[in-house]
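Colleague: Pasted the sequence and its predicted model underneath.
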Amino acid sequence: MRRWEYIQRDKKALRSWFNGKKGKISWDMNSFLKWYQYQEKVCRYCGVSEKTCQEVIHKGLLNSKRFATEGVFARGVNRGYWLEIDRKEPNEPYSENNCVLACYFCNNDKSDVFNEKQYLEFKENRSDFLRKLILKENETLSK
């Protein structure tokens with residue numbers, strides 16, 4: 001297994017995401033990059049850190065055909081490793097006031113079904129589950 005270490009999302013990937021949202025985005029590239037840079041890298045909905053998500057996925061503690069294997073990315077196989085940009089109001093454009101960072105699990109769960117307020121009321125605490133997976137795996141390795 002390749003050694004795991006936290007990797008921040010680079011500007012190239014952010015530009016690619018931005019360019020893929022043509023017609024659904026209401027801010028310019030520079031404003032978006034500045035917004036992203038100053039966001040704390042934790043999920044708005046469950047509080048799990050991007051670092052924790054990366055470790056869980058990299059170590060294969062949870063598996064999906066959408067996850068990179070041991071940090072090797074391919075087209076369509078890069079979800080979950082970085083926090084995703086979620087629209088609080090799913091039918092409104094991507095904008096500074098309508099976007100938050102969300103983990104893959106919450107963003108996938110929230111989908112376009114809930115707005116931010118509804119989802120915060122609906123969701124359960126997923127971050128503890130992910131942290132417990134890491135603790136359990138670490139205990140197994142130390143035995």
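Modeller: Thanks, I have it. Residues are numbered from 1 along each chain as shown.
Colleague: Next, count neighbours for Tyr119.
Modeller: Residue neighbour count, defined by other C-beta atoms under 10 Å, stands at 21 for Tyr119. Quick note: C-beta positions are derived from backbone N, CA and C, even for glycine.
Colleague: Please disregard the earlier target; I meant Phe67.
Modeller: Neighbours of Phe67 (other C-beta under 10 Å): 19.
Colleague: any idea what sits nearest Arg9, other than its immediate chain neighbours?
Modeller: Nearest-residue entry for Arg9: Trp82, 4.5 Å, with adjacent residues in sequence omitted and distances by C-beta to C-beta, 6 or more residues apart in numbering.
Colleague: for stretch 19-29, how far is the first residue from the last?
Modeller: Start-to-end span of stretch 19-29 (C-alpha to C-alpha, to the nearest Å) is 9 Å.
Colleague: For the protein, just list every one of the helices.
Modeller: 11-19, 29-37, 50-58, 104-110, 116-122, 127-142 (DSSP state H).
Colleague: what about those, which gets the closest to Lys88?
Modeller: Lys88 sits nearest to helix 116-122 of all the helices of the chain, at 3.7 Å, using C-beta to C-beta.
Colleague: From the contact counts, what lies against that closest one?
Modeller: Where contact means 3 or more C-beta pairs under 8 Å, 6 or more residues apart in numbering; DSSP states H and E, helix 116-122 is packed against helix 104-110.
Colleague: Would you point out which residue is most central in this structure?
Modeller: Leu83 (2.0 Å; C-alpha atoms, centre = their mean).
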